[in-house]
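Q: just a sequence and a predicted model for now, questions to come.
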Amino acid sequence: MSTSFLGSALRGTFFLIFGLWWSVRYPLRYLRRKGNAESQPSNGIQRVEIFEGAVKAFFALAGILVEQFVPTGPHLQLYSPKTHSWTDLTPWHYTTVYLFFLLSGIVDIVSHSPLKLPLGLDRLSLSVALFIEGFLFCFHDYSDAVLDHHLHSLLALAIFAGAFSALLEVFIRDHIILETFRTSSFLLQGSWLWQIGFVLSPPWGGPGWDPTNRSNFTFLTLCFCWHYAGALIILAANSAASRCCNESCQLKFGDIDVELDCGVCTRKNNKSGALLPESTSDDK
């Protein structure tokens, strides 16, 4: 598989953005629900889900356009009648991956729209997108590129871990442990895609790492574990920061509860969830 540093870095950035966002959002939401057991899913949470779906769909669509219409891309041509052979299938590989993430983003948007699709369909579509990604990496023809194969085999572990977690979330909704595990798999996948770019196509030019040196395989396997350790450290740090933020908000606002998903303030123990009225001239 021909891998460019820029392409690998852009794909890694996509997963890192979602992983970093979730590493803050999920702990904040968990702490809020833990502090207020009577809280119910709000319109703000639905708006955040729709926003995430739109961002996912946008990045996926942009990825499809980039893979197909860069100067060296296939420009939607799959088979060449001149050479009687398939065109470069690597862009089609990534186009297919992006296609399923595009569908996942669309399902996210529709699931939380007034159409009210069955609960869990958004997580199922994400799980399917990840399974397709891992499936394509597992059965791609790496020819004699053994180092390339090793790197993407390790990547497939992170992909399938995220897919399995998302599949469990279809049946066990809003479970902080599953959400944290999925987040860690996204952080791992994102950072490892950057690592793949540095190994196979260094940004400073020159050849990639020596595939005949078996110690490189051992080191990269260790490096993969260190990447996951880094993902766990990020999760722990962001969770601690979220806790501090949540406690500072409680101290600052007193009996005002801050809706962390949309920035709306409500009075605690107000079951109707009415918005706080704006201050009037009498209050001033």
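A: Happy to help now that I have it.

Q: run a quick neighbour tally on Arg214.
A: By other C-beta atoms under 10 Å, the residues close to Arg214 number 10. Using the backbone N, CA and C atoms, a C-beta is placed for each residue, glycine as well.

Q: heading C-terminal from the helix or strand harbouring Lys34, find the next helix or strand.
A: Using DSSP states H and E, Lys34 sits in helix 5-35. Next along the chain after helix 5-35, taking DSSP H and E as the criterion, comes helix 43-69.

Q: in the helix holding Lys34, which residues are buried?
A: 5, 7-12, 14-16, 18-33 (16 or more other C-beta atoms under 10 Å).

Q: and what of stretch 103-114?
A: 103-112.

Q: pLDDT on the helix holding Lys34, on average?
A: For helix 5-35, the mean pLDDT works out to 91.

Q: what of stretch 108-128?
A: pLDDT averaged over stretch 108-128 gives 90.

Q: end-to-end on that stretch?
A: 13 Å (C-alpha to C-alpha, to the nearest Å).

Q: run through who's touching it.
A: If you take C-beta atoms under 8 Å, 6 or more residues apart in numbering as the criterion, stretch 108-128 is touched by 46-47, 49-50, 52-54, 56-57, 100, 103-104, 107, 163-164, 166-167, 169-171, 173.

Q: and those residues, which are buried?
A: 49-50, 52-53, 56-57, 100, 103-104, 107, 163-164, 166-167, 169-170.

Q: let's test this: mean pLDDT of the biggest helix by length in the chain, rounded?
A: Ordering each helix of the chain by length in residues (DSSP state H) puts helix 214-253 first. Here helix 214-253 scores 89 as its mean pLDDT.

Q: mind listing what's buried along it?
A: The neighbour-count check on helix 214-253 (16+ other C-beta under 10 Å) flags 216, 220, 224, 227-228, 231, 234-235, 238-239, 242, 245-246, 249-250 as buried.

Q: now do that helix against helix 5-35, angle only.
A: Relative orientation of helix 214-253 versus helix 5-35 (axes from the mean of the first three to the mean of the last three C-alpha atoms, to 10 degrees): 40 degrees.

Q: just give me how far helix 214-253 sits from the chain centre.
A: Distance, stretch centre to chain centre, for helix 214-253: 15 Å (C-alpha atoms, centre = their mean, to the nearest Å).

Q: other SSEs contacting that helix?
A: Contact partners of helix 214-253 among helices and strands, from 3 or more C-beta pairs under 8 Å, 6 or more residues apart in numbering; DSSP states H and E: helix 5-35, helix 146-171, helix 176-200.
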